[in-house]
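> A structural model of the following input is requested.
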Amino acid sequence: MPDDPTPLEPDLRDADAVAELFTRAAEANLKTPGRAGAVVDLPGTGRLLMSGDLHDNAQNYQRLLKLARLDEDAGNRAIFHEVIHGPDLVNGMDLSVRMLARVAALKCRYPAQVNVLQSNHELAQLRDEGILKEGRDTVESFDEGVDFMYGQSADAVRSAMKKYLRSLPLAVRCANGVFCSHSIPSNSKLKRFDPTVIDRIPTEQDLSEKGDVYHMVWGRNQKQATADTLAKAWGCKHFVMGHQPAEMGFEPIEDTMLVLASDHSHGVALPIDLSRAYDQEQLIEAIVPLAAVSL
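Presented below is the predicted three-dimensional model:
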């Protein structure tokens, strides 16, 4: 049963309620059991559902909730990341603040079971740094959506939302060697990257364009040497991430990296048994297509 009575579907039209929701979710993020700095360590028992980028795909979100089975056992856990900036606009406005609030409500309801990771789109929204996608500025479209939804209370919602975005952890590290994050730094950034960034609450410098959080969530096209270096620094064996294209829902990179996507018709999720070790092939075999989950 949930630890908190927060409804799965909050009143998304009530600006005060949404602002309070983001504030409580920020506190829950910082008080997550197993969190130290910006990483959450999980024990070697239970089950974890790792998702890929969601990008406001409401149907796949419902499928992920069904797969996560959070009500069935307190040992069932789930990870969400990159939940905003979807492709569907309303008169040019992005209303994915609603999905951000839904996932924040999930964190409040299941504070020990749900983790929401820092991602490049959430970081861009936090920093008011535009991302051009299909000819539009996603941050600007999102802000227009917040203004439309909440009118004179939009700034209050935005302030609470940014507190929440700032509180997001960078990674979840499993005792079986699986490390879940939105991404890891690109090869070219590794020499300047400080891997101890996961051991502290990110600073303004970390979050800036030249900072370590920024390089981590924006990293692409990693080579095995990069993964090996970070695996040694972080005490892990395999990286499960999002951020990079995965047209069929998943894409292995080299020997120890796996990219997931949950934002399209071929989207997937990865259930992980926290009590057993995996190799790359076994992780791939465990992947579940979201289209196979009935609603």
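
> what's near enough to touch residue 34?
40, 41, 42, 43 (CB atoms under 8 Å, 6 or more residues apart in numbering). The C-beta positions use only the backbone N, C-alpha and C, and glycine is treated the same way.

> which residues are contacting the strand or helix carrying residue 50?
If you go by DSSP states H and E, residue 50 is part of strand 47-51. Defining contact as CB under 8 Å, 6+ apart, one finds that strand 47-51 is touched by 42, 64, 67-69, 73, 75-81, 172, 174, 178, 180, 240, 242, 260, 262, 269-274.

> Which of the residues you listed are buried? Put it as a ChimeraX command.
If you want just the buried ones from the contacts of strand 47-51 in ChimeraX, going by 16 or more other CB atoms under 10 Å, the selection is:
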select :42,64,67,68,76,77,78,79,80,81,172,174,178,180,240,242,260,262,269,270,271,272,273,274
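
> Looking at the protein, which helix is longest?
helix 15-30 (DSSP state H).

> Which strands and helices lie in contact with it?
helix 97-109, helix 138-150, helix 154-167 (3 or more CB pairs under 8 Å, 6 or more residues apart in numbering; DSSP states H and E).

> most packed of those helices?
helix 97-109 (a mean of 24; mean count of other CB atoms under 10 Å).

> on that earlier part again, ranking the contacts of residue 34 by neighbours, who comes first?
residue 40 (24 neighbours; other CB atoms under 10 Å).

> Let's test this: mean pLDDT of the strand or helix carrying that one, rounded?
In the assignment (DSSP H and E), residue 40 maps to strand 39-42. Averaging pLDDT along strand 39-42 gives 98.

> Partner strands of the strand holding residue 50 and their direction?
strand 76-81 (parallel), strand 268-273 (antiparallel) (DSSP bridges).

> Please identify the one among these that comes closest to residue 214.
strand 76-81 (15.4 Å; CB to CB).

> Convert the C-alpha atoms of that closest one to PDB, please.
Output in PDB follows, covering the C-alpha atoms of strand 76-81 (Å, rounded to 0.1, in the frame of the first residue of the first chain):
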ATOM      1  CA  ASN A  76       8.800  -3.100  -6.000                       C
ATOM      2  CA  ARG A  77      10.400   0.100  -7.300                       C
ATOM      3  CA  ALA A  78      10.300   2.200 -10.500                       C
ATOM      4  CA  ILE A  79      12.500   4.900 -12.200                       C
ATOM      5  CA  PHE A  80      11.100   7.600 -14.400                       C
ATOM      6  CA  HIS A  81      13.100  10.300 -16.300                       C
END
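
> Average pLDDT for that strand, rounded please.
98.

> I'd say residue 40 and residue 168 touch.
No - using CB atoms under 8 Å, residue 40 makes no contact with residue 168, being 10.6 Å away.
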